[in-house]
Structures are given as structure tokens and as C-alpha cells.
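Undergrad: Quick one, what's the 3D model for this:
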Amino acid sequence: MEATAKLRNVPTSPRKMRMVANLVRGQKVTRALGLLKFEANSGAERIEKLLLSALANWQQKNEEERIEDANLYIKEIFVDEGRQLKRLRPAPQGRGHRIRKRSNHVTLVIDSKVEPMGSKAAAKQAAEKNPVEAQAGAVRTRRSSSKKTTENKAEASV
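TA: Numbering: from 1, shown residues only. Modelled structure (predicted):
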């Protein structure tokens, strides 16, 4: 189940904020929090706070689940332009140059990742939930793969 958080009217340019958003897009939530904690860019603090808000929203929707077991990742993050404040700066010979003070809106969506059956990540995820059954499944796959290799060798020798 996914959760959304929005941050509106952030007084930085959208281009600067997109640099930070691209850094964490598609990452697991724990890794993204670690990256944002030590990122020097000023937008990192705001996106970190937004990510924590999205986590709180997810926790409120899924009270029966633990965050550690959910395998959460950043499904979507995008930065839109907000309104521009237009100001005038004095220029030589009585002229004025326009200054555009940009702002942006950030939207972040987190979701729990479900691994496809048969992949290594799915086996690891199953091992975390129930270690006894996962070990039995790993033994079965080893046996079946060893049978296939002996059959292939027998066919190759004939």
C-alpha cells in the first residue's frame, strides 16, 4: 500500500530541487534517508523531512505492519514549478532588470516492494519472515538443480 506526501511553495528553484530528487528516486527508504542526511545541498533537508512525513502517513495507513518488514522504497518523486515572485533590481542608466524568485512543489510516493516469485530477493524476503521454511525451500532448489545437471551430462555422453 502506498503513501503520499507533498511539500508546496518551497522557496528554491525547481532545478536545484530536482538534483536532490534524482539522487533518491527508486531507492529504498532507509538508504534514501542515509543519503539525504549527509547531502550538502540545501534541498536535501526539506526532502528528508518530506520522506519522514510520507513514512508517518504510511504507518498511519498500515498500523498492523512494521516499517522494517515492509521493504519500502521511493516509488515516485517529482518536482513541479511553483509560482514566481517577480522583482526589479536597479540597473545602470535608470533601467531595471527583472529578478525571478522561483519556488517549487515536491510530491513523494512510497510503496512496499513485492519481489517476483523465484528471485533471490524474494527468497531473502521469505527468509526474513520465516527462516525455517526458507531453508527447506533452498535445499529443494539445490537438489532439483543437481538432478538436472546429471541428466544433462548423461544426455551429452550418449
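
Undergrad: who does the residue nearest the centre of the chain bridge with?
TA: In the chain, the residue lying closest to the centroid (CA atoms, centre = their mean) is residue 74, at 2.2 Å. Judged by DSSP bridges, the bridge partners of residue 74 are residue 110.

Undergrad: Run through who's touching stretch 87-98.
TA: By CB atoms under 8 Å, 6 or more residues apart in numbering, the list of residues contacting stretch 87-98 from outside reads 86, 99, 100, 101. C-betas here are computed from N, CA, C, even on glycine.

Undergrad: give me that answer again for 6 Å
TA: Stretch 87-98 has contacts (CB atoms under 6 Å, 6 or more residues apart in numbering) with residue 99.

Undergrad: what is the mean pLDDT for that stretch?
TA: Average pLDDT, stretch 87-98: 96.

Undergrad: and residue 87, backbone torsions?
TA: The phi/psi pair for residue 87 (degrees, to the nearest 10) reads phi -130, psi 160.

Undergrad: What number of residues are in the vicinity of it?
TA: Neighbourhood size, residue 87 [other CB atoms under 10 Å]: 11.

Undergrad: what about it, distance to residue 99?
TA: The gap separating residue 87 from residue 99 is 5 Å, by CB to CB, to the nearest Å.

Undergrad: Apart from its neighbours in sequence, what residue is nearest residue 70?
TA: The shortest distance from residue 70 to any non-neighbouring residue, by CB to CB, 6 or more residues apart in numbering, is to residue 112 (4.5 Å).

Undergrad: OK, contacts around the one you found?
TA: Here residue 112 is in contact with 70, 71, 72 (CB under 6 Å, 6+ apart).

Undergrad: try 10 Å
TA: 1-3, 29, 58, 62, 65, 67, 69-73, 75 (CB atoms under 10 Å, 6 or more residues apart in numbering).

Undergrad: Now that the residue nearest to the centre of the chain has come up, it's in contact with residue 28, right?
TA: Yes. Applying CB atoms under 10 Å, one finds residue 74 in contact with residue 28, separated by 7.9 Å.

Undergrad: Can you get me the start-to-end distance on stretch 4-19?
TA: 20 Å (CA to CA, to the nearest Å).

Undergrad: pLDDT averaged over it - what is it?
TA: Mean pLDDT, stretch 4-19: 96.
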